[in-house]
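Engineer: Kindly generate the corresponding structure for this input.
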Amino acid sequence: MVRFSIVAVHYEGVTDKDTLQTFVDSLKNQTFKDFELVILHDGPMKEDWGVDFYDLKVVKYVSLKRANIFGHNLRTIGMKISSGEYIFHTNTDNLYYPTVFQILNLAIETSNQQVFVLKCRMKGLEYKDKKIFYSTPRNYDKSIVIDGVPLCFGNVDLMQVCIKKSLWVKVGYWYDLSEQSDGRIYEHLGSLFGYESVPLVIGEHY
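Structural biologist: Down below sits the predicted model:
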């Protein structure tokens, strides 16, 4: 068993090789190494993936189908084949800052909670006239940090929440396959089990 499993869905035709490599490199640069990457791909891909995974614990899963257009069914598969005590969900166009897992591990060791909410930098998100919005096309020079608190639909991103795997087992894994399912599921888990807010920006969401 490892401390963390990073469960990432890689969408065919959406994330290019360079973007995937940037995501993988952000994990290679972590100061805390007790984690694995569980990466799930929803279409045909060459065995080498065109990416250097060297020095990472990696579990790969390739599915020629996904149950819905968002591929959330793959997240359940990822959790079931993972060996981590805690689960992070993400996509492969995101990246993590180097000390995230080290600081979060310290928080876990001193807390009675099993759900942890961190901050996230949302690239391309802007604030104007008391409104938060994505411009069209998105301006990735702009960004806003969201803290995910209160833990509710519309206020938290997929990559911001770290949850003990045993809690996912209790609720039936990723039981909602809708587009905005992460906010709804996380809100439900928080209401059931409580959560702790960690004042740490975990990384960047694109």
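Engineer: which stretches of this structure have low pLDDT?
Structural biologist: 45-48 (pLDDT under 70).
Engineer: Which stretches in this protein count as helices?
Structural biologist: 17-28, 73-81, 100-109, 165-171, 181-193 (DSSP state H).
Engineer: got the contact list for the most centrally placed residue in the chain?
Structural biologist: Taking C-alpha atoms, centre = their mean as the criterion, residue 90 is the residue nearest the geometric centre of the chain, at 2.3 Å. Taking C-beta atoms under 8 Å, 6 or more residues apart in numbering as the criterion, residue 90 is in contact with 6, 7, 8, 158, 159. The C-beta positions use only the backbone N, C-alpha and C, and glycine is treated the same way.
Engineer: of all those, which comes closest to residue 70?
Structural biologist: residue 158 (10.4 Å; C-beta to C-beta).
Engineer: Can you verify my assumption that residue 175 contacts residue 182?
Structural biologist: No - applying C-beta atoms under 8 Å, one finds residue 175 not in contact with residue 182, separated by 11.9 Å.
Engineer: who has more neighbours, those two?
Structural biologist: The residue with more neighbours, out of residue 175 and residue 182, is residue 182; 22 against 13, by other C-beta atoms under 10 Å.
Engineer: residues touching the more buried one, list them.
Structural biologist: Applying C-beta under 8 Å, 6+ apart, the residues near residue 182 are 89, 156, 157, 158, 161.
Engineer: so how far is residue 91 from the residue nearest to the fourth one when sequence neighbours are not counted?
Structural biologist: Pointing back at residue 158 there. Leaving aside its sequence neighbours, residue 158 sits nearest to residue 182 (C-beta to C-beta, 6 or more residues apart in numbering; 4.4 Å). To residue 91, residue 182 is 10 Å away according to C-beta to C-beta, to the nearest Å.
Engineer: what is in contact with these two at once?
Structural biologist: Shared contacts of residue 182 and residue 91 (C-beta under 8 Å, 6+ apart): residue 158.
Engineer: State the distance from residue 120 to residue 140.
Structural biologist: 15 Å.
Engineer: Ok, residue 8 next?
Structural biologist: Residue 8 is 20 Å from residue 140, by C-beta to C-beta.
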